[in-house]
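Colleague: Have a look; sequence and predicted model below, questions after that.
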Amino acid sequence: MRGWWQDLTDLVLPADCAGCGAPRTALCARCRATLDAGVPRRVRPVPEPAGLPAVNAVAPYAAEVRALLLAHKERGALLLAGVLGTALAGAVRVGLGEGGAGSVVGAGPAGAPGRGPVLLVPVPSSRWAVRARGHDPVRRMALAAAGELRRTGTPARVAAVLRQRRAVADQAGLDARRRLENLAGALEVGPGGGPLLGSGRVVLVDDLMTTGASLAEAARALREAAVSRREGGSAVYEAITREGREERRIDVRRERRKWVHGAPEKAAPNALGRVLHAAVIAAPRDSFEITRN
């Protein structure tokens, strides 16, 4: 666990670049440019889990970007939170600007589209991971992203409403299907979080998307909370379906097991009232290259 003296050392003593190892700088100009020059784009894993919201990522998870994320996440390079948050804010803006396909969660004032502040909802880390790292990297980046959005004229705040309701195995080494099974039903919206979700435009945020299992489970938990709030606890809602198939009602437990191979999302018209987006710093390179007709 990091101590205050480690944080002070980061601020006072010169360090090597966390991205490439260039000496006497925590982040060199070239690595900073890699993030600054990134153009957020829509990404989709294959296979694509059911319920995955529209996800935008800044850069492929490789080379300097991978090193920067690991340095911030695992080695406590807290000075990187600002530049990572700025990049994340760019992905948030792109997602909100699309106004396109996605799953529906939340509603602004009077249910009007595009109104209310942006609510950045971090995908939560387990308590043991936060203790081991000495900080919550995704929440820290979300706070920086919200600050950047406000600085550039977009009202935004962090709504850390998600929490784990059961233990999960370490995702490392699990394939896409086993990751989905490992996380199914693992997240929930904490007490008091449901009403907060109705106050603005909800964007899920994470540092990295690999298989999409974490974001799909987080989106499921948000939808379930929104439906429970609107329909008095009912766990039934209009589900994401394959393009061209008739939209149908399925219960939450069935959706946890449903697996969609590369299906575009559709926003089913219902009482939830708002399209849910997600934003991440990085995703696998091949997820950027997939196109859909």
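Modeller: Cool, the structure landed.
Colleague: And residue 69, how far from residue 151?
Modeller: Distance of residue 69 to residue 151, given as Cβ to Cβ, to the nearest Å: 23 Å. No exception for glycine: its C-beta is placed from N, CA and C like everyone else's.
Colleague: Name the residue in those two with the higher neighbour count.
Modeller: residue 69 (24 against 11; other Cβ atoms under 10 Å).
Colleague: Checking the more buried one next. Helix, strand or coil?
Modeller: Look at residue 69: counting by DSSP: H, G, I helix; E, B strand; the rest coil, its state is helix.
Colleague: Tell me the secondary structure of residue 203, please.
Modeller: Residue 203 is classified as strand under three-state DSSP.
Colleague: Let me know whether it touches residue 93 as I believe.
Modeller: No. With contact defined as Cβ atoms under 8 Å, residue 203 does not count as touching residue 93 (9.8 Å).
Colleague: So which of these two has more stuff around it?
Modeller: residue 203 (28 against 20).
Colleague: for the residue nearest the centre of the chain, what are its contacts?
Modeller: By Cα atoms, centre = their mean, the chain has its centre lying nearest to residue 205, at 2.5 Å. Contacts for residue 205 (Cβ atoms under 8 Å, 6 or more residues apart in numbering) come out as 88, 92, 120-123, 138, 141-142, 145, 278-280.
Colleague: if we go to 7 Å?
Modeller: 88, 120-122, 138, 142, 145, 279 (Cβ atoms under 7 Å, 6 or more residues apart in numbering).
Colleague: now the helices for the stretch 101-250 of the chain?
Modeller: Listed in chain order, the helices of the stretch 101-250 of the chain (DSSP state H, counting those that start in this stretch) span 127-133, 137-151, 176-183, 193-197, 213-231.
Colleague: could those be laid out in a markdown table, adding distance to residue 73?
Modeller: Listed next are those as a markdown table, based on distance: least, Cβ to Cβ, whole Å:
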| stretch | distance to residue 73 |
| --- | --- |
| helix 127-133 | 7 |
| helix 137-151 | 4 |
| helix 176-183 | 18 |
| helix 193-197 | 24 |
| helix 213-231 | 14 |
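Colleague: Quick check: which of those is nearest to residue 84?
Modeller: Ranking the helices of the stretch 101-250 of the chain by proximity to residue 84 (Cβ to Cβ) places helix 137-151 first, at 5.0 Å.
Colleague: how about the CA coordinates for the closest one, as PDB?
Modeller: Coordinates of each C-alpha in helix 137-151 appear next as PDB, following Å, rounded to 0.1, in the frame of the first residue of the first chain:
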ATOM      1  CA  PRO A 137      -7.500   4.000 -10.300                       C
ATOM      2  CA  VAL A 138     -10.700   4.100 -12.300                       C
ATOM      3  CA  ARG A 139     -12.500   6.400  -9.800                       C
ATOM      4  CA  ARG A 140      -9.400   8.600  -9.800                       C
ATOM      5  CA  MET A 141      -9.400   8.900 -13.600                       C
ATOM      6  CA  ALA A 142     -13.200   9.500 -13.500                       C
ATOM      7  CA  LEU A 143     -12.700  12.400 -11.100                       C
ATOM      8  CA  ALA A 144     -10.000  13.900 -13.400                       C
ATOM      9  CA  ALA A 145     -12.300  13.400 -16.500                       C
ATOM     10  CA  ALA A 146     -15.200  15.100 -14.800                       C
ATOM     11  CA  GLY A 147     -13.000  18.000 -13.900                       C
ATOM     12  CA  GLU A 148     -11.800  18.300 -17.600                       C
ATOM     13  CA  LEU A 149     -15.400  18.100 -18.800                       C
ATOM     14  CA  ARG A 150     -16.400  20.900 -16.400                       C
ATOM     15  CA  ARG A 151     -13.400  23.000 -17.500                       C
END
